[in-house]
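J.: Here is a sequence together with a model predicted from it:
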Amino acid sequence: LLVVVAVAWACAPSKLKRRARALLASPPSPPRPPLRRHASSSYLDKDSARGSLWDVGSRGFLPARAPRAVPKSASLVPLHELSLQIPCACVEGSMRPLVASYGDDLWVAAAWLKDMPYDEDELECAHALYSYVCCAFCRVDAVASHGGSDGPGPVASTPGVPVVPAMLARGFCECARRLGRRPMLDYCGCVLYNWELVDASGPISTENARMLRRFTGLVDEEWFFKTHLVIEAAAGPAVRAVASGRRACAGSVTRSSVARLTEALVRVEACFGHVVRDCLPLMFERLGTHGALCDYYFFYERLRPFISGFDAVVFDGEFGNEAVTLPGPSGAMSTLLPVLDAFLGVSNSNATLQKLLDDFARSMPEAHRRFLRSVQSDRTARTFVLEARDGDTRTGDPADDASEGAKRELVARYNRCVDLVLDFRWRHLQMVKKYVLEPSGNHNAAGTGGTSAFEYLHEHIHDTEAAKVGGSESAAPARRSALQTGCPF
């Protein structure tokens, strides 16, 4: 047999021999079985190359295109290179000299951002990079303040107030102006536009996603932001359900509109129930004997200082060289809960807190703000449910009137959605206790957004409880919320 093979090989044409060698060197891969698709999987399959990056659609409030990891513009690449060195520079305390060494490149980046054609993806990438560099610069070194003689900025003013040098401030403020946001790290910069997929065809999950930018480079920081990312990804179907629910609420109470709103609330309940039961607990995930993947005291002592807001910070050459106040990234900057509140009709009874929430909304992408305002201007699901329960809903055609059973089912479904929002807020309150209040030893400690965390969350809990609608006792049995008997923890 070997002799036959050898003779056949010797007689074979050279073209056939080359092809055989190529096949032996790199054998063809076996065909891959088709992937099982889930609602939140195959992110890039649903990539939208056109339209606003932040148009609200099938991905909920995540971007329409996967975040750009590295700027396309050569003028901005040094900013990316600088950001990669943040964890080491923070440990060494060398952030200020490191930024100074990039001085010429930062001036070039600032000039480019002013003149470049509008590219939303590029601006978001630059805004996130500037956010991390500037927060690390201002927080790491004790001398990063006005009057520091060894700093790269010429401004001299009140000692103790951080100053962002002009070579950073000019580009950062120009980028923020073009995006319609503030020159500060926000929820978008550290969560919504701060990730990439290990497997581009796979889902956004804790196993398949990783963060693009870091302050510490440690797993605790990665896990903290990744949990928020997974929550946003999992909530996408609920956002789509809100869109269909809005259309149902717009008209009169009929058999059809009651059925459509009930169906939308069923979808909100299913999706948000998954967020509350399966995604929020990820924050407390533990790795064997190594403890929490995001340690409570690590967050408070190591990460929180980087992402806390500024009571006063000066951007050299900007804002008339006057100090400005900027909030740090906060979960309240996510559009998810404000949209659910607006759709369900959960009001805010505290004018001061509402003013703070309105200020946080300034840190949302402009498309998210527009979507939130449109939902807030709509007729709420609560109003529709109350009219269905109490009002004269006769349409002139008895065949089009909703049945009493359908109305009771609508009330029950609405209350289940409110219960889930309550569950979410109770669980979030538990996180605040573990990650902020207990490590600080102070029950009046402020969150990263600068608000009194304990007061803020309790206000929302009470307002959410007040949104529930009575009269559903005879409806189909519903899961009894833990909130009906107090905090589930």
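T.: Now that the structure is in, tell me what you want to look at. Numbering: from 1, shown residues only.

J.: Give the burial count for the nearest residue to Ser75 once chain neighbours are set aside, as a bare number.
T.: Spatial nearest neighbour of Ser75, chain neighbours left out: Trp112 (3.8 Å); criterion: CB to CB, 6 or more residues apart in numbering. Where you see a C-beta, it was placed from the backbone N, CA and C, and this is true even at glycine. If you count neighbours by other CB atoms under 10 Å, Trp112 ends up with 18.

J.: do the same with Ala467
T.: Neighbour count of Ala467, defined by other CB under 10 Å: 20.

J.: what secondary structure does the closest residue to it other than its chain neighbours sit in?
T.: Using CB to CB, 6+ apart and skipping residues adjacent in sequence, the residue nearest Ala467 is Val346, 4.5 Å away. Secondary structure, DSSP: H, G, I helix; E, B strand; the rest coil: Val346 is coil.

J.: contacting residues for Val346?
T.: Going by CB atoms under 8 Å, 6 or more residues apart in numbering, Val346 touches 340, 382, 418, 421, 463-464, 467.

J.: can you pull the contacts of the residue nearest to Ser75?
T.: Going by CB under 8 Å, 6+ apart, Trp112 touches 73, 75-76.

J.: And Ala292, by the same measure?
T.: Contacts of Ala292 by CB under 8 Å, 6+ apart are 220, 284-286.

J.: Secondary structure and distance to Asp311 added to the residues you listed, as CSV?
T.: Compiled in CSV, the contacts of Ala292 are given as follows (DSSP: H, G, I helix; E, B strand; the rest coil; distance: CB to CB, whole Å):
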residue, secondary structure, distance to Asp311
Asp220, helix, 26
Phe284, helix, 31
Glu285, coil, 33
Arg286, strand, 35
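
J.: For whichever helix in the chain runs longest, list every residue counted as buried.
T.: Assignment by DSSP state H gives helix 404-432 as the longest helix of the chain. Neighbour-count burial for helix 404-432, counted by 16 or more other CB atoms under 10 Å, picks out 407-432.

J.: following that helix, which helix or strand shows up next?
T.: helix 438-440 (DSSP states H and E).

J.: Check which helices and strands that next one is in contact with.
T.: Judged by 3 or more CB pairs under 8 Å, 6 or more residues apart in numbering; DSSP states H and E, helix 438-440 is in contact with helix 296-298.

J.: model confidence over the strand or helix carrying Arg96, on average?
T.: Following DSSP H and E, one finds Arg96 within helix 95-101. Across helix 95-101, the average pLDDT comes to 95.

J.: hang on, the earlier thing: does anything pack onto the longest helix of the chain? Which helices or strands?
T.: helix 255-274, helix 336-344, helix 381-390, helix 453-466.

J.: By neighbour count, which bits of the helix holding Arg96 are buried? Give me those.
T.: 95-96, 98-99.

J.: Toward the C-terminus, what is the element adjacent to that helix?
T.: In N-to-C order, the element after helix 95-101 by DSSP H and E is helix 103-115.
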